[in-house]
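Participant: What would the 3D arrangement of this be:
(chains A, B and C)
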Amino acid sequence: MSSDVRPGEPAVSSIKMIRTLAGVAVISGFLIVLTVKATEARIETNKREALEAAVFAVLPGATTQATFELRDGAFVRVDSPTPGFDRVYAGYGPDGELVGVAIEAAGMGYAGTVRALYGYDPETQTVVGLQVLESLETPGLGDRIGKDPAFLANFEQLDVSLNEAGDALANPITLVKAGEKTEMWEVEGISGATISSTAVASMLDARSAEILPLVMRHLDELKEAR
Amino acid sequence: MPQTKAEPYPDAFIKGLWRENPVFVMLLGMCPVLAVSNTVLNALSMGLAATFVLVMSCALVSLLRRFIPKQVRIATFIIIIATFVTMVDFAIQAISLDVYNALGAFIALIVVNCIILGRAEAYASKNDPVRAVIDAAGMGLGFTLALLCLGSVRELLGFGTFLGFNVFGPHFEGWSVLILPPGGFFTLGCWLLLISWMNKRKARLAESEAA
Amino acid sequence: MPTTESLPEIFLNACLINNFVLSMFLGICPFLGVSGKFETATRMGMAVMFVMLVSSVCASGINWLLIRVGAEYLRLICYIAVIASAVQLVEMFLKKFSPALFRALGIFLPLITTNCAILGVALFQTQKGYDLIQCIVYALGAGAGFTLALTIMAGLRESLELADVPDVVKGTALTLMVAGILSLAFMGFQGLSG
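Facilitator: Residues are numbered from 1 along each chain as shown, chains lettered A, B, ... in the order given. Here you go, the predicted structure:
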């Protein structure tokens, strides 16, 4: 520290200024590193717990989960996610059997990006649950996509089975008006929040068409990794 | 404002709460006030986070005030403030991710909250640490108070809840506009209106008493 | 997660849909302080836009560097330091090469350091994971949005000067109410992103 700088001195040399700034920078660096080290473990736990809670919420029956990253066309099990890689979360039941796969989807809603996590059951080839992770939709209108029980019920048994070749969805997920649902792959929209509900349906459709063929092809890897 | 060395401790504390309330009277730090006051919980977390940064920065600035050359004081202050904000940022992540996600980038933006730099420059750099801390605590609580004033109005009328508890029963239709950005402007405008009306009334009463 | 937005979308998003002043509440202080006169508002807007662009590019570089070194926790300190120095540099540069512009913008430049919209741009672009080109477009959009909000407000306030309003409403309360109505109008742009 620059303890020899006397206050009230008329001309302060630049060395003294630099010394003061360096001293303050050292203190601040010390404090920040201290905080980072002290909170690191806790933040890691919090993030993992939040993710686990979301995965378990969209995959009823799952008790443990594992993260897989898509590297060179194959799913690789990882402990902590690396940014830049596409990933899915596999959920396992109490006996170690694969209950389903949780997949993240994102798309443009009414006011900004909507991110959601949905559970996929490879056995029945259906979506079994959905949770909105992040949205900027209008409170009271658009944000019902994350709260409205009738809307969320759409995603408890939504058909996303693949076509015979196994490279695309047999039926695209489509949005219909409330009360007009006739097929297993249709999503009933919320009246008054059409744009937000459309966003959810179309991001689910796009994401499923992209990742489900891969999941089905590599299902054994996901099952065995347990 | 003139800073006399002999300002009594209670006065240094109380003035921040009301007479020189940073938000309602000095109109400083409006950005977080408007942005994160849509629920009481957000308002409270933001207020406490800012108060912590304010108190800690002012304490450190006041301790170091004799060593900091005048020419680089602003840069030094900003580094000190940014340090504490980074600490708060990590602390909130460790305490509750939900709160962290709700406040978003506004925790980091405490750095440019003019209240903090303003108090560091105008008060802490000229007074002893004890006074600086008391002054900072007063200002911080005043800021929190203002946030709560806005937060409670917006949450009560917008969601019909207070701290998440339902107040008006299940059939209350929320007044959505208050949760949305315009609601922030309207609510703060109304509070300022109320305060200016009260001040005018007090001035009128004092006048008629004098006459 | 890399973003999928196209460049025009980013611009519209920053400028109108999520206008920095009216829907994200960044840069309220200059918005209330300098929106009294149309002339000054335009100049302030320009200055902010310019500094935003410079600091956004610098922040994008710094972020890349920090990620490579693995010191993301120093991001905030680095950003604020970069912005403060960017403002200084811009000031010196203008003084030397364009004295006329310097005289026009000069007094606003130091104020800009503590304008949260500038830091906001740097933080949000990091959060959204934009690359360099996207950052530039985002900063331009945010700056244009800021200028737009500031000039509209200045125009309204100039007209309000002549209006006969009750004594108690005069001042900031009235400005905030007008800003609220303006913000309500800007919410109409939200549908654009659908």
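Participant: Can you show me the helices along chain B?
Facilitator: B:9-17, B:30-35, B:40-64, B:73-95, B:97-103, B:114-119, B:129-159, B:181-210 (DSSP state H).
Participant: distance between stretch A:193-202 and the chain's centre?
Facilitator: Shown here is stretch A:193-202, whose average C-alpha point lies 18 Å from the average C-alpha point of the whole chain (C-alpha atoms, centre = their mean, to the nearest Å).
Participant: oh, I was asking about stretch C:179-188
Facilitator: With C-alpha atoms, centre = their mean as the basis, the distance from the averaged C-alpha position of stretch C:179-188 to the chain average is 17 Å.
Participant: picking that back up, of the helices of chain B, which approaches chain A most closely?
Facilitator: Distances from chain A to each of the helices of chain B were compared using C-beta to the nearest C-beta; the minimum, 3.7 Å, belongs to helix B:73-95. C-betas here are computed from N, CA, C, even on glycine.
Participant: which helices and strands sit right next to the closest one?
Facilitator: Under the contact criterion of 3 or more C-beta pairs under 8 Å, 6 or more residues apart in numbering or on different chains; DSSP states H and E, helix B:73-95 touches helix A:14-58, helix B:40-64, helix B:97-103, helix B:114-119, helix C:75-97.
Participant: now those as a markdown table including mean neighbour count?
Facilitator: Supplementary listing: the helices and strands packed on helix B:73-95 in a markdown table, determined by neighbours: other C-beta atoms under 10 Å in any protein chain shown:
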| stretch | mean neighbour count |
| --- | --- |
| helix A:14-58 | 16 |
| helix B:40-64 | 23 |
| helix B:97-103 | 16 |
| helix B:114-119 | 24 |
| helix C:75-97 | 18 |
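Participant: that older thread, could you identify which of the helices of chain B is most buried?
Facilitator: Ranked by average neighbour count under the criterion mean count of other C-beta atoms under 10 Å in any protein chain shown, these are headed by helix B:30-35 at a mean of 27.
Participant: got the helices of chain B as TSV, with mean pLDDT columns?
Facilitator: As requested, the helices of chain B are exported to TSV (pLDDT from 0 to 100):
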stretch	mean pLDDT
helix B:9-17	80
helix B:30-35	83
helix B:40-64	92
helix B:73-95	89
helix B:97-103	82
helix B:114-119	86
helix B:129-159	91
helix B:181-210	89
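Participant: what's the closest of those to A:Ala25?
Facilitator: The minimum distance between A:Ala25 and the helices of chain B falls on helix B:73-95, with 6.4 Å, by C-beta to C-beta.
Participant: Quick one: residues contacting the spatially most central residue of chain B.
Facilitator: Nearest to the mean C-alpha position of chain B, by C-alpha atoms, centre = their mean, lies B:Phe143 at 2.1 Å. Shown here is B:Phe143, whose contacts under the criterion C-beta atoms under 8 Å, 6 or more residues apart in numbering or on different chains are B:22-23, B:29, B:33, B:47, B:50-51, B:54, B:115.
Participant: Repeat the analysis, applying 7 Å as the threshold.
Facilitator: Contact analysis of B:Phe143 by C-beta atoms under 7 Å, 6 or more residues apart in numbering or on different chains lists B:22-23, B:29, B:47, B:50-51, B:115.
Participant: Kindly report the same for C:Leu22.
Facilitator: So, once contact is read as C-beta under 7 Å, 6+ apart, C:Leu22 ends up touching B:181, C:149, C:182-183, C:186.
Participant: on that earlier part again, need the helices and strands packed on helix B:73-95 in a markdown table (columns: distance to A:Val127).
Facilitator: What follows is the helices and strands packed on helix B:73-95, written out as a markdown table (distance: least, C-beta to C-beta, whole Å):
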| stretch | distance to A:Val127 |
| --- | --- |
| helix A:14-58 | 9 |
| helix B:40-64 | 32 |
| helix B:97-103 | 25 |
| helix B:114-119 | 48 |
| helix C:75-97 | 37 |
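Participant: Of all these, which one is nearest B:Glu209?
Facilitator: Closest to B:Glu209 of those, according to C-beta to C-beta: helix B:114-119, at 34.9 Å.
Participant: Tell me the helices and strands packed up against the closest one.
Facilitator: Helices and strands touching helix B:114-119, as assessed by 3 or more C-beta pairs under 7 Å, 6 or more residues apart in numbering or on different chains; DSSP states H and E, comprise helix B:40-64, helix B:73-95, helix B:129-159.
Participant: JSON lines please, covering those helices and showing distance to C:Ala81.
Facilitator: Formatted as JSON lines, the entries for the helices and strands packed on helix B:114-119 read as follows, by distance: least, C-beta to C-beta, whole Å:
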{"stretch": "helix B:40-64", "distance to C:Ala81": "16"}
{"stretch": "helix B:73-95", "distance to C:Ala81": "7"}
{"stretch": "helix B:129-159", "distance to C:Ala81": "23"}
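Participant: Any idea which of those gets closest to A:Ala201?
Facilitator: If you check each of these against A:Ala201 by C-beta to C-beta, helix B:129-159 wins as the nearest, at 26.9 Å.
Participant: roughly how far is that closest one from the heart of the chain?
Facilitator: Taking the mean C-alpha point of helix B:129-159 and that of its whole chain, the gap between them comes to 5 Å (C-alpha atoms, centre = their mean).
Participant: Quick check: bridge partners of A:Leu162?
Facilitator: A:Leu169 (DSSP bridges).
Participant: Measure how buried it is and give me the count.
Facilitator: When counting by other C-beta atoms under 10 Å in any protein chain shown, one arrives at 18 neighbours for A:Leu162.
Participant: Around chain C, pick out the residues from chain A.
Facilitator: Within chain A, the positions adjacent to chain C are A:28, A:32, A:36, A:106, A:108, A:110-112, A:195 by C-beta under 7 Å from any C-beta of the partner chain.
Participant: Looking at the lengthiest strand in chain A now, give me its mean pLDDT.
Facilitator: The longest strand of chain A (DSSP state E) is strand A:98-108. Model confidence over strand A:98-108, given as mean pLDDT, is 87.
Participant: Check which helices and strands the worst-scoring helix or strand of chain C on mean pLDDT is in contact with.
Facilitator: Least confident helix or strand of chain C, by mean pLDDT, DSSP states H and E, is helix C:108-112 with a mean of 71. Packed against helix C:108-112, as judged by 3+ C-beta pairs under 7 Å, 6+ apart, are the following elements: helix C:38-69, helix C:75-97.
Participant: orientation of the longest one relative to helix C:75-97 in degrees?
Facilitator: For helix C:38-69 and helix C:75-97, the angle between their directions (axes from the mean of the first three to the mean of the last three C-alpha atoms, to 10 degrees) works out to 130 degrees.
Participant: now helix C:38-69, how far from the chain's geometric center?
Facilitator: So, by C-alpha atoms, centre = their mean, the centroid of helix C:38-69 is 9 Å from its chain's centroid.
Participant: That one close to chain B?
Facilitator: No. Residues of helix C:38-69 contacting chain B under C-beta under 7 Å from any C-beta: none, with a closest distance of 12.2 Å.
Participant: and that helix, what does it pack onto?
Facilitator: The criterion is 3+ C-beta pairs under 7 Å, 6+ apart, and the helices and strands that helix C:38-69 contacts are helix C:75-97, helix C:99-105, helix C:108-112, helix C:116-128, helix C:132-162.
Participant: Could I get the average pLDDT for that helix?
Facilitator: Along helix C:38-69, the predicted local confidence has a mean pLDDT of 88.
Participant: mind listing what's buried in that helix?
Facilitator: For helix C:38-69, the neighbour count (16 or more other C-beta atoms under 10 Å in any protein chain shown) marks C:38, C:40-41, C:43-60, C:62-63, C:66 as buried.
Participant: show me the contacts for the residue lying closest to B:Ser152 once chain neighbours are set aside.
Facilitator: Using C-beta to C-beta, 6 or more residues apart in numbering or on different chains and skipping residues adjacent in sequence, the residue nearest B:Ser152 is B:Val40, 5.4 Å away. B:Val40 makes contacts with B:148, B:151-152, B:155, B:162-163, as judged by C-beta under 7 Å, 6+ apart.
Participant: if we can go back for a sec, list the contacts of the residue nearest to the residue nearest to the centre of chain B when sequence neighbours are not counted.
Facilitator: Closest residue in space to B:Phe143, ignoring its immediate chain neighbours: B:Pro22 at 5.3 Å, by C-beta to C-beta, 6+ apart. Under the criterion of C-beta under 7 Å, 6+ apart, the contact partners of B:Pro22 comprise B:16, B:28-29, B:115, B:139, B:142-143.
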